[in-house]
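> Provide a 3D model corresponding to the input given below.
(one chain, ligands or ions: 1)
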Amino acid sequence: MQADRDIPCLRVPMQRLDIGDSICEVWHGSGHLTQGQCGTIHYRHDEGVLFGVIALSETLFEAGAGKTPLQQATESAYRQVFALLDTLHYPYLFRFWNYIADINTHSFGLERYHQFNLGRQDAFLAHGRDVVGNVPAACALGTTAQGLLIIAFLAGRVAPLNIENPRQISAYEYPQEYGPRSPTFSRASLVRLGQDEVLFISGTASIVGHATLHPADVVAQTRETMANIKAVLAEANRLASPSWFDLSSLSYKVYVRHPADQAQIRAELERIVGTAPNAIYLRADVCRQDLLLEIEATAAQPLVFMSGQKD
Ligand code: 3EB
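This is a model prediction of the structure:
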């Protein structure tokens, strides 16, 4: 598809596994739309919501001052995002998508996902943003697009509700064994977008507490991942009245490490959701070597107002 040059477009360098065709996800704004470019960010916004994308080459950065190129690229990208949001007055971050080249390899004595976590957290801290509690939903996947860091984000003017999963330790409280800095994301965010309430469930994997479960069993990992998504849904439903989200109302993006596992993952997902789920399958690396898949999900529902209650 030839996108309008003014529309920020995130090209995801991942093979689609279910059908050969590529697919395009489109987010609609309403009313007057404004687009622009600021540093490496391309963005477009309406009065309430801003979507932006960044693609940065790590080769623009040299190792130095104790920071690796990926760490610097990450810190630079996130600092640019926060500066733009300050300038345009969209203070609340809803959701990040992070696509990182060779996420599982080591360089400069540190796993690359851990380098990314250092750069991300430093940028949050530099801008005085919370690194625990009030943090956006996110996903972080590995690609084979050498040296390219790709990030997209949605931000707005109404504070989201950040949701954690009682089955898991919050990612921002993971112990040191998963890297010198914890990942900065929440398990889900619940956001008002126009007349809808939107639930963004972060990339979710077979992790209970902080440990990976079922290291070599893709069906068991799918089951555990879906148990986590169910637990996040239950939290969302507890905190968000009167909305009601269930497994069949979600749109799923399934990131699969080994293409040969796709059929088993799909069968298990269909069994658990009951009806044929709205799902796409992409080939990706997941941020821990022993994780075979990661699933993210989104759902939207019209906001319901009580009679007599004003919008
Ligand atoms: C996990 O639960 C799996 O670093 O932004 C999921 C979602 C994961 C987001 C991120 C990482 C991220 O820890 C990995």
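> In which helix or strand does Val254 reside?
For Val254, the host element (DSSP states H and E) is strand 251-256.
> and that strand, which strands flank it?
Paired strands of strand 251-256, with direction, are strand 278-283 (parallel), strand 293-302 (antiparallel) (DSSP bridges).
> Return the list of helices and strands in contact with whichever helix or strand comes after that strand.
Following strand 251-256 in sequence order, the next helix or strand is helix 262-273 (DSSP H and E). Helices and strands touching helix 262-273, by 3 or more C-beta pairs under 8 Å, 6 or more residues apart in numbering; DSSP states H and E, are helix 218-239, strand 251-256, strand 278-283. C-beta: built from backbone N, CA, C; applies to glycine.
> Among these, which comes closest to His127?
Proximity to His127 (C-beta to C-beta) singles out helix 218-239 among these, at 26.6 Å.
> Quick one: distance of the closest one to the chain centre.
How far helix 218-239 lies from its chain's middle: 16 Å, per C-alpha atoms, centre = their mean, to the nearest Å.
> In terms of pLDDT, where does Arg192 sit?
Note on Arg192: pLDDT of 88.
> who does it bridge with?
Glu197.
> model confidence over stretch 220-230, on average?
Mean pLDDT, stretch 220-230: 98.
> Which positions in that stretch come out as buried?
For stretch 220-230, the neighbour count (16 or more other C-beta atoms under 10 Å) marks 221-229 as buried.
> Then stretch 112-119?
112-119.
> what does it contact?
By C-beta atoms under 8 Å, 6 or more residues apart in numbering, the list of residues contacting stretch 112-119 from outside reads 67-68, 70-76, 78, 98, 100-108, 110, 140, 142, 149, 178-184, 287-288.
> just the helices in the stretch 101-250 of the chain please.
Ranges of helices in the stretch 101-250 of the chain, per DSSP state H, counting those that start in this stretch, are 112-126, 218-239.
> how about the ones you listed, which one is nearest Glu164?
Once the helices of the stretch 101-250 of the chain are compared by C-beta to C-beta, helix 218-239 is nearest, at 7.0 Å.
> And that closest one, what does it pack against?
Partner elements for helix 218-239 (3+ C-beta pairs under 8 Å, 6+ apart): strand 161-163, strand 188-193, strand 196-204, strand 207-208, helix 262-273, strand 293-302.
> Let me have the ones you listed in TSV, extended by mean neighbour count and distance to the ligand.
TSV is the format used below for the helices and strands packed on helix 218-239 (neighbours: other C-beta atoms under 10 Å; distance: least, C-beta to the nearest ligand atom, whole Å):
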stretch	mean neighbour count	distance to the ligand
strand 161-163	20	13
strand 188-193	24	10
strand 196-204	24	3
strand 207-208	20	5
helix 262-273	17	16
strand 293-302	21	6
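> correct me, but Arg120 touches Thr184?
Yes. Using C-beta atoms under 8 Å, Arg120 is in contact with Thr184, at 5.4 Å.
> circling back: mind putting the strands paired with strand 251-256 in CSV, mean pLDDT included?
CSV is the format used below for the strands paired with strand 251-256 (pLDDT from 0 to 100):
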stretch, mean pLDDT
strand 278-283, 97
strand 293-302, 95
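> Figure out which of those strands is closest to Leu85.
Nearest to Leu85 among those is strand 293-302 (21.0 Å), distances taken as C-beta to C-beta.
> Skipping adjacent residues, who's closest to Gln146 in space?
Excluding the flanking residues, the one nearest Gln146 by C-beta to C-beta, 6 or more residues apart in numbering is Ala101, at 5.6 Å.
> before we move on, the earlier item: distance to Thr40 added to the buried residues of stretch 220-230, as JSON lines?
Putting these into JSON lines (distance: C-beta to C-beta, whole Å) gives the following:
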{"residue": "Gln221", "distance to Thr40": "35"}
{"residue": "Thr222", "distance to Thr40": "36"}
{"residue": "Arg223", "distance to Thr40": "40"}
{"residue": "Glu224", "distance to Thr40": "37"}
{"residue": "Thr225", "distance to Thr40": "33"}
{"residue": "Met226", "distance to Thr40": "36"}
{"residue": "Ala227", "distance to Thr40": "38"}
{"residue": "Asn228", "distance to Thr40": "33"}
{"residue": "Ile229", "distance to Thr40": "33"}
